[in-house]
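Q: Below: sequence and its predicted model.
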Amino acid sequence: MSLYTVMDIAGTAMSAQNVRLNTTASNLANANSVSSSAGETYRARHPVFAAQMQQALDGGPGRNSIRKDSGVSVQVLGIVESDKPLVMEYAPNHPMADENGYIYKPNVNVMEEMANMISASRSYQTNVQLADTTKQLLSRTLRMGQQM
């Protein structure tokens with residue numbers, strides 16, 4: 001695996017963590033919103049990731065040899081809405097209450113989202129450090145070639 005492949009992997013991982021941070025921020029921003037119907041209520045969103053083997057097999061199925069330039073990248077397959085139940089609250093005096101006196105709140109767990117945000121931030125930071133270390137290794141390798 002070349003150092004350029006490592007940079008590609010770190011880059012796609014940082015991009016994926018950026019999507020994760022954005023969806024978490026959206027969830028937190030809408031955590032206290034109120035709606036008059038279940039259909040209009042914000043639902044928590046979460047990204048779905050997949051590791052993609054790029055040219056891992058040398059020639060096709062049934063072969064076990066791994067190519068030198070093979071690598072894994074992170075792909076965002078999409079963003080899905082949570083299927084957890086919404087929070088229904090009886091508040092007949094609320095201006096957004098439905099005909100039965102209920103208001104609907106999102107299914108966002110603030111503590112879970114904060115933990116998710118910390119995890120995504122640290123994963124992003126780890127990939128930045130990985131890219132920086134790879135850059136330093138590449139630079140030192142080039143300097144070795146100059147000294148000889």
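A: Yes, it's here.

Q: From the contact counts, what lies against the worst-scoring helix or strand of the chain on mean pLDDT?
A: Using mean pLDDT, DSSP states H and E, strand 45-54 stands out as the lowest-scoring helix or strand of the chain, at a mean of 80. Here strand 45-54 touches helix 3-29, strand 71-81, going by 3 or more Cβ pairs under 8 Å, 6 or more residues apart in numbering; DSSP states H and E. Using the backbone N, CA and C atoms, a C-beta is placed for each residue, glycine as well.

Q: now it against strand 71-81, angle please.
A: Using axes from the mean of the first three to the mean of the last three Cα atoms, to 10 degrees, the inter-axis angle of strand 45-54 relative to strand 71-81 is 160 degrees.

Q: Give the pairing partners of strand 45-54; include direction for each.
A: Applying DSSP bridges, strand 45-54 is found paired with strand 71-81 (antiparallel).

Q: and the partner strand, which residues are buried?
A: If you call a residue buried by 16 or more other Cβ atoms under 10 Å, then strand 71-81 has these buried ones: 71-74, 76.

Q: After it, heading C-terminal, what element do we hit next?
A: Next along the chain after strand 71-81, taking DSSP states H and E as the criterion, comes strand 87-90.

Q: Can you give the contact residues for that next one?
A: 101-107 (Cβ atoms under 8 Å, 6 or more residues apart in numbering).

Q: so for stretch 88-99, what's the average pLDDT?
A: Across stretch 88-99, the average pLDDT comes to 93.

Q: Nearest spatial neighbour of the residue nearest in space to the middle of the chain, chain-adjacent residues omitted?
A: Nearest to the geometric centre of the chain sits residue 20, at 3.0 Å (Cα atoms, centre = their mean). Nearest residue to residue 20 in three dimensions, chain neighbours excluded: residue 120, at 4.2 Å (Cβ to Cβ, 6 or more residues apart in numbering).
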